[in-house]
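Peer 1: Turn this into a model:
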Amino acid sequence: IVDRKDFINAMKVVIDVQARKGRTVKFLACIHGLDAEPHGYWNTCKTIENVARRDDLSISRDLVVIPVMWANELNSKNGSALFLIHRYLSEKKHSLAAGMALSSIADLGGEDIPISIMCHSMGNRVLLTYAYEQERDAITKRFEHIFMVAADVWEEVFNTGVVSNKACHPKSDFGDAGLKLRYMLKDGGKIHILKNPGDIMLRKSVLLNGFRTRLGRFGKEGQDTRGRLHKEIKDALVDHDMGFFGSQHVYDTYQESVDIYCEQMFD
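Peer 2: Have a look, this model is predicted:
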């Protein structure tokens, strides 16, 4: 485990060195979903960096991606339906444990560090658990932006009825975590929901989550039209329709997604 002070100082060194070259640096912490292992996810994060360098603005800017790993089972040759169901439910528990562990050892970001965070699929469960474990009165403004990609979490996590109940209860794993995420945003920051109504994996995961629709399918719009969003969170939520990806679930490294990260972070 790296000491937080050393970690922050290392990021400041990168910022200072690049500033002397006339370049702007932004950091993007990334929390993966299922089927990730250190070497493979490191390559995934490098892919995001490389994709970000393809546009014209990369001449004067650098996106530095920081992988945030959590323990999960890798793909197995056992592809039976029963095994996959067991594995998914097991990973749900692992993601909660990872979020609790992250909250105890990490204070990601800080007032003077230009960092955002991106979570894919079940990685959003890690993020929300991380938020839930924080004391509301002690939360600091940590992230410039939060990107929730193909979020495999209940779509009502930002709703008034859920947020106002601080304790976890059967209908929500995360209590007031949605509001705490809002408090973690720096001034002007947003929670970006990259959604895809046709996402085949999120359509299937509903069956393993009490038939509760997943946030990554319909995003803010699915709840906003019913007037359910918490008043302190509503204006911080931004939908990005990724429906052109058809039934795809893994699109966090694609050019269209990386463009959204960069457009918001370097705005």
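Peer 1: Rank the helices and strands of the chain by mean pLDDT and give me the bottom one.
Peer 2: Using mean pLDDT, DSSP states H and E, helix 81-105 stands out as the lowest-scoring helix or strand of the chain, at a mean of 77.
Peer 1: and the next element down the chain from that helix?
Peer 2: Using DSSP states H and E, the next helix or strand after helix 81-105 towards the C-terminus is strand 115-120.
Peer 1: Residues touching that next one, excluding its own?
Peer 2: Residues from elsewhere that reach strand 115-120 (Cβ atoms under 8 Å, 6 or more residues apart in numbering): 11, 26-33, 66, 108-109, 126-127, 142-151, 189, 250, 252, 261, 264-265. Using the backbone N, CA and C atoms, a C-beta is placed for each residue, glycine as well.
Peer 1: Name the strands paired with it and say parallel or antiparallel.
Peer 2: Using DSSP bridges, the strands paired with strand 115-120 are strand 24-31 (parallel), strand 143-149 (parallel).
Peer 1: in the longest one, what counts as buried?
Peer 2: By neighbour count, and taking 16 or more other Cβ atoms under 10 Å as the criterion, the buried residues in strand 24-31 are 25, 26, 27, 28, 29, 30, 31.
Peer 1: Tell me who's in contact with the fourth one.
Peer 2: In other words, residue 28. Counting by Cβ under 8 Å, 6+ apart, residue 28 touches 48, 63, 64, 65, 66, 115, 116, 117, 118, 261, 265.
Peer 1: Over to the last one?
Peer 2: Residues counted as contacts of residue 31 (Cβ under 8 Å, 6+ apart) are 68, 70, 117, 118, 119, 120, 123, 124, 126, 127.
Peer 1: Excluding residues flanking it in the chain, which one is nearest it?
Peer 2: In this structure, residue 31 finds its nearest non-sequential neighbour in residue 123, 3.7 Å apart by Cβ to Cβ, 6 or more residues apart in numbering.
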